[in-house]
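[1] After the sequence you'll find the predicted model.
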Amino acid sequence: MARAIIAGAGALPGLLLAAGPAHMVRLHGVASDPQDAPDIAARFERFGTLFADLRAAGVTHLAFAGALSRPEFDPALMDAETMALMPRIAAAIGRGDDGLLREIAAIFEEQGFAVQGACDLRPDLVAEPGPISGEISAMQEADAARARAVLEALGPLDIGQGAVAARGQVIGVETLQGTDAMLRFVAATAPGSGGVFVKRPKPGQDIRMDTPVIGPATVMKAAEAGLSGIEIAAGSVLILDREATIDAAEAAGVSLWAV
């Protein structure tokens, strides 16, 4: 079985590569870690070429990893396969990020490739239920429950994977701008709140294509935003560097747990 990683930005592509040999695929215009050298170059406009290159390399399984920005799309470069797929892709864009990613996964599966998730390839990075660092107060549990309820209510709208609550009030919701932007907003508008950041997949989300992650930087940004705790979903959120994440949480006095 030959595997490929369609890689975006961040540490996750390299972590998946550590799970075993794989071809690294880089899409033109997508930010990436220069340490992860690609051996298959690709373009969004040329899916047909990518399918052919994957087959030529003997790839049967693939995984999507890292942040994939939306680069400029040049219609003049489209191959016949991409042109035929455009009505499906355009329709999926209107269904939100999860709808688009599900459609892309379906397209690759129709071409004979098995799509794997990061949680499947690196189960050691997935948190088990329970405390990870620090103690959890009743107030933190109540704020986490409030943030979870908001994410569950927003799930059908495909909004985001994170929310912050403090003393029962929702003070931040992750949107297209991402976790860092939400935490900066919380830092600017509710400093010292002592609230809790909850990170979990959207209800019904296909996490093979967009796996929620946290790491040391997440903890530091939460601390800078004046938060006291982080709750993640057990079994479906990756901790990219567990030891460094726990060290950061202990140093900042931020409780971390999974449910």
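    Thanks, I have the structure now.
[2] So, low pLDDT: which residues of this structure?
    Residue ranges of the chain with pLDDT under 70: 31-38, 69-71.
[3] Give me the domain ranges for it.
    2-121, 126-258 (automatic domain parsing).
[4] and those domains, which is most packed in?
    domain 126-258 (a mean of 19; mean count of other CB atoms under 10 Å). Heads up, the C-betas are built off the backbone N, CA and C, glycines and all.
[5] Can you name the residues in contact with the helix or strand hosting Ala41?
    Take DSSP states H and E as the rule and Ala41 turns out to sit in strand 40-42. Contact with strand 40-42 is made by 4, 6, 23-28, 49-50, 53-54, 57, as judged by CB atoms under 8 Å, 6 or more residues apart in numbering.
[6] what's the answer for stretch 189-197, then?
    Here stretch 189-197 makes contact (CB under 8 Å, 6+ apart) with 139-140, 143-144, 147, 162-167, 171-172, 183, 186, 222, 225-231.
[7] Stretch 21-28 now?
    Here stretch 21-28 has contacts from 2-8, 13, 16-17, 32, 36-44, 50, 54, 57, 59, 62-63, 68, 71, using CB under 8 Å, 6+ apart.
[8] partner residues bridging Val170?
    For Val170, the beta-bridge partners are Ala165 (DSSP bridges).
[9] Relative to Phe47, how far out is it?
    Distance of Val170 to Phe47, computed by CB to CB, to the nearest Å: 40 Å.
[10] ok, now Pro21?
    Counting by CB to CB, the separation of Pro21 from Phe47 is 24 Å.
[11] With Ala147 instead?
    Per CB to CB, Ala147 is found 38 Å from Phe47.
[12] coming back round to it: in helices, which of the contacts of stretch 189-197 fall?
    Assigned to helices by DSSP state H, the following of the contacts of stretch 189-197 qualify: 139-140, 143-144, 147, 183, 186, 222.
[13] quick one: which of these is nearest to Pro129?
    Closest approach to Pro129 among the ones in helices among the contacts of stretch 189-197 (CB to CB): Ala144, at 13.2 Å.
[14] Could you pull up the residues touching that closest one?
    165, 196, 198, 229, 231, 259.
[15] Which members of those occur in strands, if any?
    Using DSSP state E, 165, 196, 198, 229, 231 are the members of the contacts of Ala144 that sit in strands.
[16] what are the ranges of the helices in the stretch 51-200 of the chain?
    For the stretch 51-200 of the chain, the helices defined by DSSP state H, counting those that start in this stretch cover 80-93, 96-110, 118-121, 138-154, 179-189.
[17] Can I get those in CSV including distance to Glu243?
    What follows is the helices of the stretch 51-200 of the chain, written out as CSV (distance: least, CB to CB, whole Å):
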stretch, distance to Glu243
helix 80-93, 39
helix 96-110, 30
helix 118-121, 19
helix 138-154, 23
helix 179-189, 21
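[18] Give the closest residue to Leu151 in space, chain neighbours not counted.
    Leaving aside its chain neighbours, Leu151 sits nearest to Ala163 (5.2 Å; criterion: CB to CB, 6 or more residues apart in numbering).
[19] Looking at the contacts of Ala144, which is nearest Ala106?
    Taking CB to CB as the measure, Ala106 sits nearest to Val198 out of the contacts of Ala144, at 29.5 Å.
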